[in-house]
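In: Give me coordinates for this.
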Amino acid sequence: MLKSKINQINQFLLDEKYNGSMLIAHQSKVIFNHHYGMADFELDAPVSEKTKFRIASITKIFTAVAIMQLVEKGLLKEDDFILKYLKDYPKGDQITIKHLLTNSSGVGNFDLEADFYNVYHAESFNDELINLFKNKPLLFKPGEMFSYSISGFFLLGYIIEKVSNLSYEEYLKKYIFEPLKMEDSGMDYYKSILKGRAKPYDRVGKELKNTDFIDMRVAGAGGGLYSTANDLFLFFQGLMSHQIISKGNFEKLWTNHVKINDDTHYGYGMFLAKAEMYGVNRRKYYHTGGGPGVRSIFAYYPDDQIFCVKITNINDSKGFNFVHSKIEEMLLMDTEV
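Out: I've put the predicted structure just below:
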């Protein structure tokens, strides 16, 4: 049934002039892996399977896995208060690592439009960035509710570095990328010469514009990685086979920890939805990503055994969401679970 929809999906993406990569797997086998449009419109460089895209907040899944690896190694505990790792963090004796993992810490976001001059030129980039938000009042008592916080995940990246004595990127490379043979993933640092890096764009009305510059270190462990559709599938396989994390700790990623609404909870670095979708009650485990020059989604439908990843270098939330919803409909409509 799914294979019969492949040509339909491909034609739809062509008709919509979709720009980016898309991969679909069923029962852990890739059934669709196509690439569309331009990685660089000015140089006429097409998107290929080796094109490296910003993945934005999909990064949070990698951060959650890294934290759980450190738990397995006995180097930290989910219930540790962050004061143990950030000695002078205000109310750090109330905020746990679990609160950060589940976006329930009450830690507010730093202003993404802020002037980061002092951060860029500080002796410690991480410490200076944390100074931008650490003295802000908590939004609520830790554990009380859900509030999406890139700052919270930035703190998790800082803790990973403190505990492992490696940079965030070095840790992921050693314990996730290399074991899974993810050769086209890393931190999207602008000074690095990176073959195949997609140029980032924003859609303004009907026109494409080069996106404003952003140093992706600001996004850090909450959104600073680049990857490819193929590498994200390798990551998914590594999770499902428990190659990089034990089954018990893997299942904690996909456990309802904090309620967002009646249909959706947040696990560890993952949104967990359960609702009627296209006539059938279904589960959907996913994370989206968005920002300057990127829209992305990493989604697994466990009842259908379908995995889907879609990444583009064009920041166009309306267009991206329309395409994804139509692809989702094609995949799930009239499909038995």
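In: And Asn165, how far from Leu70?
Out: 12 Å (CB to CB, to the nearest Å). C-beta here means a position set from N, CA and C on the backbone, and glycine is covered the same way.
In: which residue ends up closest to the midpoint of this structure in space?
Out: Nearest to the geometric centre of the chain sits Ile58, at 0.7 Å (CA atoms, centre = their mean).
In: quick one: low-confidence parts of the stretch 1-150 of the chain?
Out: Within the stretch 1-150 of the chain, the segments meeting pLDDT under 70 span 1.
In: If you count surrounding residues, which of Asn165 and Leu70 has more?
Out: More neighbours surround Leu70 than the other of Asn165 and Leu70, with 19 against 8 (other CB atoms under 10 Å).
In: Quick one: residues contacting the more buried one.
Out: Contacts of Leu70 were listed using CB atoms under 8 Å, 6 or more residues apart in numbering, and they are Leu76, Ile160, Val163, Ser164.
In: Helices of this structure, residue ranges please.
Out: For the chain, the helices defined by DSSP state H occupy 6-15, 59-72, 97-101, 117-120, 125-131, 150-164, 168-172, 229-240, 247-253, 317-332.
In: Please work out which residues outside the longest one touch it.
Out: Residues outside helix 317-332 that contact it (CB under 8 Å, 6+ apart) are 2, 5, 8-9, 12-13, 16, 18, 22, 24, 203, 277-278, 280, 282, 290, 295, 297, 301, 304, 306, 308, 310, 312, 314.
In: could you give the mean pLDDT of that helix?
Out: Regarding helix 317-332, the rounded mean pLDDT is 95.
In: Would you pull up how far that helix lies from the middle of the chain?
Out: On the basis of CA atoms, centre = their mean, to the nearest Å, helix 317-332 is displaced by 18 Å from the centre of the chain it belongs to.
In: thinking again about what came up before, tell me which of the contacts of Leu70 is nearest to Tyr148?
Out: Comparing these against Tyr148 with CB to CB places Ile160 closest, at 19.8 Å.
In: how near is Leu132 to Leu112?
Out: Leu132 sits 10 Å away from Leu112, going by CB to CB.
In: Next up, the contacts around the residue nearest to the centre of the chain.
Out: Leu225, Ser227, Leu232, His287, Thr288, Gly289, Ser296, Ile297, Phe298.
In: Can you check those and name whichever has the most neighbours?
Out: When neighbours are taken as other CB under 10 Å, the top entry among the contacts of Ile58 is Leu225 (31 neighbours).
In: Now do the buried residues in the longest strand along the chain.
Out: Ranked by residue count under DSSP state E, the longest strand found in the chain is strand 280-291. In terms of neighbour count (16 or more other CB atoms under 10 Å), strand 280-291 has its buried residues at Arg282, Arg283, Lys284, Tyr285, Tyr286, His287, Thr288, Gly289, Gly290, Gly291.
In: now stretch 194-208
Out: So for stretch 194-208, counting by 16+ other CB under 10 Å, buried means Gly196, Arg197, Ala198, Pro200, Tyr201, Asp202, Arg203, Leu208.
In: what's the fourth one in contact with, if anything?
Out: Pro200 makes contact with Arg54, Asn210, Thr211, Pro292, Gly293, Val294, Asn313, Asn315, according to CB under 8 Å, 6+ apart.
In: With the third one instead?
Out: Shown here is Ala198, whose contacts under the criterion CB under 8 Å, 6+ apart are Ala39, Asp40, Val47, Thr51, Lys52, Phe53, Arg54, Gly293, Asn313.
In: now do 6 Å
Out: Listed by CB atoms under 6 Å, 6 or more residues apart in numbering, the contact partners of Ala198 are Ala39, Thr51, Phe53, Asn313.
In: Provide a list of residues in contact with the nearest residue to the third one once chain neighbours are set aside.
Out: Meaning Phe53. Leaving aside its sequence neighbours, Phe53 sits nearest to Ile311 (CB to CB, 6 or more residues apart in numbering; 4.4 Å). Contact analysis of Ile311 by CB under 6 Å, 6+ apart lists Gly20, Ser21, Phe53, Ser296.
In: bridging residues for the last one?
Out: Note on Ser296: beta-bridge partners by DSSP bridges are Gly289, Ile311.
In: now it: how far from Gly319?
Out: According to CB to CB, Ser296 stands 13 Å off from Gly319.
In: How many residues are close by the closest residue to Asp111 other than its chain neighbours?
Out: Spatial nearest neighbour of Asp111, chain neighbours left out: Leu132 (7.5 Å); criterion: CB to CB, 6+ apart. For Leu132, the count of nearby residues is 19 (other CB under 10 Å).
In: Hmm, Leu132 is touching Phe110, no?
Out: Yes. If you go by CB atoms under 6 Å, Leu132 and Phe110 touch, sitting 4.3 Å apart.
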